[in-house]
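S.K.: Mind folding the following:
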Amino acid sequence: MHRRAGHQVVWTSERVIVGPHWRIFVAPGFCESYSRYSSFAYETFALFEKGQWLAATLNVAATNELCFAAVAIGAAIARALLRWGTT
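M.R.: Modelled structure (predicted):
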């Protein structure tokens, strides 16, 4: 996982035209997302291995639903700010 994150950071920095002010967001963003997801996958798998099927299923469902809700709220706020800035 971390190798892919490193690849994305180098690729974004050297191959894609990204200004230096954006690189500070790109590098931590890629690395953090890979780290978070691998932790989530590991913890969920550990629950399955322990026979805690309900807890593992609830972990997956709650995580996906909460993340989707956060994205929807963020999109709504961004669109409201864009409309507010154009009026």
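
S.K.: Pass me the low-pLDDT residue ranges in the protein, would you?
M.R.: Applying pLDDT under 70 to the chain flags residues 1-35, 87.

S.K.: just checking, what packs against the longest helix along it?
M.R.: Longest helix in the chain, counting residues (DSSP state H): helix 53-86. In terms of contacts (3 or more C-beta pairs under 8 Å, 6 or more residues apart in numbering; DSSP states H and E), helix 53-86 is packed against helix 20-49. No exception for glycine: its C-beta is placed from N, CA and C like everyone else's.

S.K.: Compute the number of surrounding residues for residue 45.
M.R.: Here the number of neighbours of residue 45 (other C-beta atoms under 10 Å) works out to 11.

S.K.: For it, which non-adjacent residue is spatially closest?
M.R.: The shortest distance from residue 45 to any non-neighbouring residue, by C-beta to C-beta, 6 or more residues apart in numbering, is to residue 56 (7.9 Å).

S.K.: Can you tell me how far the one you found is from residue 42?
M.R.: Distance, residue 56 to residue 42, using C-beta to C-beta, to the nearest Å: 12 Å.

S.K.: Check residue 73 too.
M.R.: Counting by C-beta to C-beta - residue 73 and residue 42 are separated by 27 Å.

S.K.: Once you drop chain neighbours, what's closest to residue 40?
M.R.: That would be residue 63: by C-beta to C-beta, 6+ apart, it lies 6.4 Å from residue 40.
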